[in-house]
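A.B. asks: need a 3D model of the sequence below.
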Amino acid sequence: MTYCVGLLLDEGMVLLSDTRTNGGFDNIAIYRKMFLFEEPGDRVIAIMTAGSLSVTQTTIARLREQIKARDADGDTSIMKAPSMLKVAEIIGNMLADVRADVDDKLASMRQSALASMIVAGQVKGGEMRMFLIYPEGNFIEATEDTPFLQIGEHKYGKPILDRVVRPQTSLDDARKAVLLSMDSTLRSNLSVGMPLDLLCVRRDDLRATELRRIEAGDPVFREMSEAWSNALRDAFVKVSV
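C.D. replies: Below is the predicted model:
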């Protein structure tokens with residue numbers, strides 16, 4: 001399983017993903033689930049993935065092939081698409097095609113493979129946008145009413161986002177919110193695990209403002225986690241019923 005979360009704010013966007021992939025209790029591996037495509041000054045596009053690893057890896061691989069193709073154009077390559085809406089359409093169509101191919105191969109075993117993605121970014125001259133793409137290739141978009149999207153094991157990390165995230169939230173506070181959201185998930189679900197990949201993009205920068213990996217045992221992340229736990233315990237004691 002996995003947990004990925006993206007926030008779309010007035011100042012820009014913040015994305016966070018874990019890297020754990022489970023094939024059973026004795027088959028745990030690390031795979032990157034955040035992928036960055038950028039041409040500084042022209043566009044920045046981030047993709048986070050959850051679900052079947054075979055589907056997501058194949059989808060990313062085919063998207064990269066389309067980018068490198070000699071006949072690549074605005075209808076086939078996310079690096080030439082004229083808008084983020086077109087980017088989402090290209091990725092959604094590719095995800096649906098790959099899923100259909102894998103399902104055909106699994107049909108004899110009466111199995112299927114599902115995957116979803118969060119796609120976010122900005123193309124020069126356009127607005128910064130964020131989409132959640134479903135296994136069928138259709139998608140929804142983050143809005144002012146709901147400025148965050150989640151995929152994977154999202155239920156443990158959602159309450160803090162509901163309470164604190166607004167479009168006006170600063171990038172610094174947004175970074176804190178996604179890390180605490182992930183911390184809550186890490187504590188409650190063993191199928192989500194370190195290391196973490198964090199991306200921040202300031203609106204209209206058209207490049208990654210911050211991209212880093214947070215390893216297990218990171219002292220800053222550990223200190224934040226402990227401070228949050230202490231704050232929750234103190235608040236619990238003070239509440240009267």
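A.B. asks: from Val5, how far off is the residue nearest to the spatial centre of the chain?
C.D. replies: In the chain, the centroid-proximal residue (C-alpha atoms, centre = their mean) is Met48; its distance is 3.6 Å. Distance, Met48 to Val5, using C-beta to C-beta, to the nearest Å: 8 Å. C-beta coordinates here come from the backbone N, C-alpha and C atoms, glycine included.
A.B. asks: shared neighbours, these two?
C.D. replies: Both Met48 and Val5 are contacted by Leu15, Ser17, under the criterion C-beta atoms under 8 Å, 6 or more residues apart in numbering.
A.B. asks: give me the number of residues near the residue lying closest to Gln122 once chain neighbours are set aside?
C.D. replies: Leaving aside its chain neighbours, Gln122 sits nearest to Met128 (4.1 Å; criterion: C-beta to C-beta, 6 or more residues apart in numbering). Using other C-beta atoms under 10 Å, Met128 has 23 neighbouring residues.
A.B. asks: all strands for this structure, in order.
C.D. replies: In order along the chain, the chain carries the following strands (DSSP state E): 3-8, 12-17, 20-22, 28-30, 34-39, 43-51, 115-123, 129-133, 139-141, 148-152, 196-202, 210-214.
A.B. asks: now do the nearest residue to Val102 once chain neighbours are set aside against Lys68, distance only.
C.D. replies: Closest residue in space to Val102, ignoring its immediate chain neighbours: Ala113 at 4.6 Å, by C-beta to C-beta, 6+ apart. Between Ala113 and Lys68 the computed distance is 25 Å (C-beta to C-beta).
A.B. asks: over to Val98?
C.D. replies: Taking C-beta to C-beta, one finds Val98 at 18 Å from Lys68.
A.B. asks: these two - which one has more neighbours?
C.D. replies: Val98 (25 against 9).
A.B. asks: and the more buried one, what's its pLDDT?
C.D. replies: pLDDT, Val98: 95.
A.B. asks: how close does the closest residue to Ile214 other than its chain neighbours sit to Met1?
C.D. replies: Setting aside the residues directly before and after it, Ile214 is nearest to Leu196 in space (C-beta to C-beta, 6+ apart), at 4.3 Å. Distance, Leu196 to Met1, by C-beta to C-beta: 15 Å.
A.B. asks: who has more neighbours, these two?
C.D. replies: Leu196 (26 against 16).
A.B. asks: name all residues that make contact with that one.
C.D. replies: Leu16, Ser17, Asp18, Thr19, Leu179, Met182, Arg213, Ile214, Phe221.
A.B. asks: which residues in this structure form helices?
C.D. replies: Ranges of helices within the chain are 53-68, 84-106, 158-164, 171-188, 219-238, based on DSSP state H.
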